[in-house]
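Chemist: Pasting the sequence and the predicted coordinates here, then a few questions.
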Amino acid sequence: MTESKVTLGEGAGLDYGAEVSGFQLVPTYQTATWKGLKPGSVYTKSGKATWVLTINFGQDHEAATSLSTFLFEHEGETMPYDVEPIDGGTAFSGTLIAQAGPIGGEVDQFGNATVNLPVNGKPTRTPAA
């Protein structure tokens, strides 16, 4: 992915694409299986997916408008998000719950971080115009 867009927050939000090294909208499915005593009496059902927006980013706790600062200041808040794997292409949007990211890292390394932000419902897909 290159030239991607990651926007969080109300109104136009802020595009954090310059701070993000990768993101994924990840579905998780719960399944239930019942097995009877007779061969072939196995039944499996799957529920609807729960979604998480995983964002990998470089930490910046100095800039007031950085993603690190934004997530820290808005921890626990529900807010809109919009991601475009190709800027100007198909968008995926919805609402999520902000969570603060890790703080710190290893000596002689940039501070990298990953957050897994819970998404409310299934993302909305909007094809490019």
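Modeler: Sure, I can see it. Numbers count the residues shown, from 1 in each chain.
Chemist: what does stretch 4-14 contact?
Modeler: Residues outside stretch 4-14 that contact it (Cβ atoms under 8 Å, 6 or more residues apart in numbering) are 15-17, 20, 23, 55, 65, 67, 70, 74, 79-88, 91, 96, 98. (Each C-beta comes from the backbone N, C-alpha and C, glycine too.)
Chemist: do that again at 10 Å, thanks
Modeler: 15-20, 22-23, 53, 55, 57, 65-67, 70-71, 74, 77, 79-89, 91, 93, 96, 98, 117 (Cβ atoms under 10 Å, 6 or more residues apart in numbering).
Chemist: hmm, which of the residues you listed are the buried ones?
Modeler: The neighbour count (16 or more other Cβ atoms under 10 Å) marks 15-17, 19-20, 23, 53, 55, 57, 66-67, 70-71, 74, 81-85, 91, 93, 96, 98, 117 as buried among these.
Chemist: Out of the residues you listed, list just those in strands.
Modeler: Members of the buried ones among the contacts of stretch 4-14 lying in strands (criterion: DSSP state E): 15, 20, 23, 53, 55, 57, 81-84, 91, 93, 96, 117.
Chemist: Kindly state the beta-bridge partners for the residue most central in space within the chain.
Modeler: What sits nearest the mean C-alpha location of the chain, by Cα atoms, centre = their mean, is residue 53, with 1.3 Å. For residue 53, the beta-bridge partners under DSSP bridges are residue 25, residue 117.
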